[in-house]
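Engineer: The following block contains a protein sequence and its predicted model.
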Amino acid sequence: YISMVAFFMETNIKRMDPSRPDAAKHFMVFDVKGMSYLKSNLKMIKQLMKLVADYYPERLGIAICINADLVTDYLWKFSKMFLDKRTIDKTRFFRKDYLDFLEEQIGLEHITTDMGGTRTEEWPLLSGEDTQDDYVYTEKL
């Protein structure tokens, strides 16, 4: 999972328009519906936070977790100990009332229908020259 996030972040960086400073940030949406403490992987969450903080500290525009519950709230309180204030300030949690925020920030036409948006087509995840093997994150924690 961590390697996949690193791969998509690198792929998205290649696609960003360098002439638009506002387009040089990642807007990350994590749907945590159905997540429970027993299903969560705290080590993986810590690795994900470390990846973003160490390798992409100024690339994060906003990260949101949707469909959050009490477990997510507690995990976030624990996780904040490992993050700097700038990253914490760029993170938002929503239970079910996230659509207005998404529409205001990026438009529902960019959000897939399973998350309440209007986008029906697949994302262009890979171009011909991109392969996940180019971005393997192997740091041990």
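Structural biologist: Yep, it's here.

Engineer: ok, which stretches of this protein are strands?
Structural biologist: Ranges of strands in the chain, per DSSP state E, are 26-31, 60-66, 91-93.

Engineer: so Arg59 touches Met9, yeah?
Structural biologist: Yes - contact criterion C-beta atoms under 8 Å: Arg59 and Met9 qualify, at 7.0 Å. Just so you know, the C-beta spots here come from the backbone N, C-alpha and C atoms, and that holds for glycine as well.

Engineer: ok so, going back, from the strands of the chain, which stretch is densest packed?
Structural biologist: Burial of these is given as mean neighbour count (mean count of other C-beta atoms under 10 Å); strand 60-66 ranks first at a mean of 19.

Engineer: got the angle between the one helix or strand in the chain whose mean pLDDT sits lowest and strand 26-31?
Structural biologist: When each helix and strand of the chain is scored by mean pLDDT, DSSP states H and E, helix 42-55 comes last, with a mean of 76. Calculated by axes from the mean of the first three to the mean of the last three C-alpha atoms, to 10 degrees, helix 42-55 forms an angle of 170 degrees with strand 26-31.
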